[in-house]
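Novice: With the input below, show me the fold.
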Amino acid sequence: MENFNQNNDQKTNQNLNQKLVIEQSPPLKGRVRVGGSKNAVLPIMAASILAEGRSVVKEVPDLSDVAHMELLLKHLGVSISRDIGAGVIALEPAALGSARDPGERPMEIPYKLASAMRASFMIAGPLLARTGGARIPLPGGCAIGSRPVDLHLKGFAALGARIQSEHGFVNMSAGRLKGADIYLDFPSVGATENIMMAATLAEGQTVIENCATEPEVVDLAGFLNMCGACVRGAGTDTIRVDGVSGLRGGEYAVIPDRIEAGTLMIAAAITRGDVVLENVISDHLRPVIAKLREAGVSIEEAGKRDGGGADETGAMLRVSLPEGKTLKTVDLKTMPYPGFPTDMQAQAVSLLIFAEGTSLVTETVFENRFMHIGELKRMGADIKIEGRSAVIEGVKTLAGAQVKATDLRAGAALVLASLRAEGVTEISEIHHIRRGYDGLEEKLYALGARIKTVEA
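Specialist: Reported below is the predicted structural model:
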């Protein structure tokens with residue numbers, strides 16, 4: 001683990017010392033393959049704790065968040081081997097053993113490990129169910145807003161766990177968990193996934209109502225069922241989990257990343273390009289496709305080929321904005337799935353900067369997700385923030401400037417805007433982008449973008 005930690009720190013420091021330099025680019029053209037979903041692979045890696053056997057996960061993107069989850073699981077004693085080039089990771093949690101005596105001291109996650117990534121809390125449910133306890137730092141807020149874990153803890157308590165918070169940690173302990181009826185006050189993706197994982201080894205049936213319906217929840221359920229769990233209803237607002245005595249490992253391929261796909265679709269549109277995206281699931285992109293078409297972007301299904309998990313079919317989408325066709329204004333509001341995803345809001349703002357007229361973008365999911373707008377205004381964007389809404393007046397062009405990525409999706413928005421901006425744009429703090437995009441600059445470069453990574 002020491003060598004891994006050292007290598008991971010070196011990679012993080014390298015990202016901190018780099019920046020992206022982007023020149024106004026020609027229309028992007030060609031084909032690009034979308035990678036595996038970040039928001040699907042992280043909970044699936046956490047869920048591997050539940051299986052008494054080796055799990056092999058395919059289509060794993062090379063992201064710093066994946067590296068952090070790998071380090072966290074290694075701390076717990078999970079044996080991991082990873083082929084980054086092939087996008088495959090093998091996880092063997094044999095060292096965890098089976099459920100412990102509730103009186104025994106639970107496994108503790110150091111604050112430094114947990115604080116590196118919000119998704120670290122996803123190990124709580126699997127660890128509680130598999131070992132009978134856990135001591136995990138309470139996550140704080142993040143750049144885009146507060147994301148408390150109270151719904152996770154209420155769900156664990158309903159399953160019979162004893163919860164105590166002290167000195168910034170949450171202590172959880174239980175014998176075998178008991179199935180329960182759980183209603184979520186908000187359809188939280190993280191809470192839905194964490195409770196669903198914990199319930200797989202509980203005694204009896206657990207019913208989770210008002211749960212999240214995101215494709216990543218469905219993919220996690222697919223992985224759990226492959227391991228021998230009995231999860232029904234994923235993708236609807238009610239999930240039923242019949243507890244089993246144990247899970248086994250197996251092989252599973254995660255779904256394509258719908259946010260990466262949406263980002264690349266906007267890259268094609270913003271440069272008036274003509275790009276074919278391979279390895280996408282069009283049903284997952286319905287709200288994004290609808291809004292892009294409303295803005296005048298042409299999107300056609302270009303064929304089908306095998307996609308990711310849960311026996312889905314991956315489509316190929318052709319995205320274009322012909323020369324001479326103007327972008328139309330669009331009003332949009334972020335909502336839980338199947339509404340327009342909050343993770344695509346910043347990228348949509350970058351596109352609407354170039355629409356003729358006034359667009360209105362309302363953010364309802366996170367309270368502080370307009371941090372990219374200040375940086376876009378430095379490039380010449382005409383945007384006013386009114387409460388939770390951004391009023392965007394279209395402009396003909398932007399000017400390159402020195403800007404910084406304040407969070408993952410804000411960084412993506414700056415990359416997109418820079419492709420259309422006159423002159424040169426330098427984007428610093430790109431470690432945020434590397435959290436959620438596997439080789440974004442390489443993919444854009446292959447399509448004709450004038451983009452490169454340099455030492456800061």
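
Novice: Can you list the low-confidence ranges for this structure?
Specialist: Residue ranges of the chain with pLDDT under 70: 1-15, 97-105, 140-147, 304-314.

Novice: Dump the C-alpha coordinates for stretch 118-129 into PDB.
Specialist: Extracted C-alpha coordinates of stretch 118-129, given in PDB (Å, rounded to 0.1, in the frame of the first residue of the first chain):
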ATOM      1  CA  ARG A 118     -17.100  12.300  -1.300                       C
ATOM      2  CA  ALA A 119     -17.800   8.800  -2.600                       C
ATOM      3  CA  SER A 120     -15.700   7.400   0.200                       C
ATOM      4  CA  PHE A 121     -18.900   7.100   2.300                       C
ATOM      5  CA  MET A 122     -20.200   4.500  -0.200                       C
ATOM      6  CA  ILE A 123     -18.200   1.900   1.600                       C
ATOM      7  CA  ALA A 124     -20.400   2.400   4.800                       C
ATOM      8  CA  GLY A 125     -23.300   0.200   3.800                       C
ATOM      9  CA  PRO A 126     -21.200  -2.700   2.400                       C
ATOM     10  CA  LEU A 127     -18.800  -2.600   5.400                       C
ATOM     11  CA  LEU A 128     -21.700  -2.500   7.900                       C
ATOM     12  CA  ALA A 129     -23.400  -5.500   6.200                       C
END
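
Novice: how would you label A346: helix, strand or coil?
Specialist: helix (DSSP: H, G, I helix; E, B strand; the rest coil).

Novice: Work out for me the element the residue lying closest to it once chain neighbours are set aside sits within.
Specialist: Leaving aside its chain neighbours, A346 sits nearest to A413 (3.7 Å; criterion: C-beta to C-beta, 6 or more residues apart in numbering). For every residue, glycine as well, the C-beta is placed using N, CA and C. Assessed by DSSP states H and E, A413 sits inside helix 408-420.

Novice: and the following helix or strand past that helix, what other elements does it pack with?
Specialist: Using DSSP H and E, the next helix or strand after helix 408-420 towards the C-terminus is strand 424-428. In this structure, strand 424-428 packs against strand 18-23, strand 402-404, helix 408-420, with contacts taken as 3 or more C-beta pairs under 8 Å, 6 or more residues apart in numbering; DSSP states H and E.

Novice: So what's the gap between stretch 175-187 and the chain middle?
Specialist: Relative to its chain's centre, stretch 175-187 lies at 24 Å (C-alpha atoms, centre = their mean, to the nearest Å).

Novice: If we go by neighbour counts, what in it is buried?
Specialist: Buried residues in stretch 175-187, counting neighbours by 16 or more other C-beta atoms under 10 Å, are found at G175, L177, K178, G179, A180, I182, L184, P187.

Novice: so what's the fifth one up against?
Specialist: Looking back up the chat, that one is A180. A180 makes contact with A158, L159, G160, T206, V207, according to C-beta atoms under 8 Å, 6 or more residues apart in numbering.

Novice: which two in the residues you listed are spaced the farthest apart?
Specialist: Taking C-beta to C-beta, the two most distant members of those are G160 and V207; they sit 15.0 Å apart.

Novice: if we can go back for a sec, surely the residue nearest to A346 and M371 touch.
Specialist: No: using C-beta atoms under 8 Å, A413 makes no contact with M371, being 9.9 Å away.

Novice: the more surrounded of these two?
Specialist: Legend: neighbour count by other C-beta atoms under 10 Å for A413 and M371, higher for A413 (29 against 17).

Novice: My reading is that I259 lies in a helix. Confirm?
Specialist: Yes: assessed with three-state DSSP, I259 lies in a helix.

Novice: what's the neighbour count on it?
Specialist: By other C-beta under 10 Å, 24 other residues sit near I259.

Novice: what do you get for G303?
Specialist: Neighbourhood size, G303 [other C-beta under 10 Å]: 11.

Novice: Could I get the full set of strands for the stretch 251-400 of the chain?
Specialist: Using DSSP state E, counting those that start in this stretch, the strands of the stretch 251-400 of the chain run over residues 251-253, 274-280, 298-306, 313-320, 331-333, 358-362, 382-386, 389-393.

Novice: so can I have TSV of these showing distance to V231?
Specialist: As requested, those are exported to TSV (distance: least, C-beta to C-beta, whole Å):
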stretch	distance to V231
strand 251-253	14
strand 274-280	25
strand 298-306	23
strand 313-320	21
strand 331-333	31
strand 358-362	34
strand 382-386	41
strand 389-393	38
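
Novice: Highest mean neighbour count out of these?
Specialist: Mean neighbours per residue, mean count of other C-beta atoms under 10 Å, is largest over the strands of the stretch 251-400 of the chain for strand 274-280, with a mean of 21.
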